[in-house]
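Student: Sequence first, predicted model second:
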Amino acid sequence: MTVHASGLLPNTTYPSHVHALPCGRADADGHYRRDPAGPATPPNEIWQGFTTDADGVGNGRAVADFTAGPTAMSVVIHAPGGAKIACADLE
């Protein structure tokens with residue numbers, strides 16, 4: 001999974017991960033988990049956080065040892081502190 005984002009604050013770290021709902025549904029609430037009963041951390045979740053450069057451009061990459069299932073619906077970027085600031089639906 002890769003993420004490319006621009007227009008963000010410079011030199012800032014942003015958490016980003018796969019969510020279980022599409023962007024337009026319930027604010028894409030709920031992290032995608034390989035095992036729904038498992039922990040809310042990698043490797044059970046797919047996190048591709050990143051730090052932006054001086055121009056506010058960031059690139060994140062995560063490699064999972066599994067193929068995400070059909071309930072992996074979107075990727076959400078969070079601001080520092082946790083607020084959702086961007087979302088992209090997966091196809």
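Tutor: Received the coordinates, thanks.

Student: Run through this structure and note the low-pLDDT ranges.
Tutor: For the chain, no stretch has pLDDT under 70.

Student: now the helices: where do they sit in this structure?
Tutor: Counting by DSSP state H, the chain yields no residue ranges for helices.

Student: center of it, which residue is that?
Tutor: Residue closest to the average C-alpha location in the chain (Cα atoms, centre = their mean): H17, at 2.0 Å.

Student: OK, contacts around the nearest residue to it once chain neighbours are set aside?
Tutor: Computed as Cβ to Cβ, 6 or more residues apart in numbering, the closest residue to H17 that is not its neighbour in sequence is W47, at 4.4 Å. All C-beta spots, glycine's among them, are computed from the backbone N, C-alpha and C. Applying Cβ atoms under 8 Å, 6 or more residues apart in numbering, we find W47 in contact with P15, S16, H17, T41, A62.

Student: how about the strands in the chain?
Tutor: Assigned by DSSP state E, the strands in the chain fall at 2-5, 13-14, 16-19, 50-51, 58-61, 74-78, 84-89.
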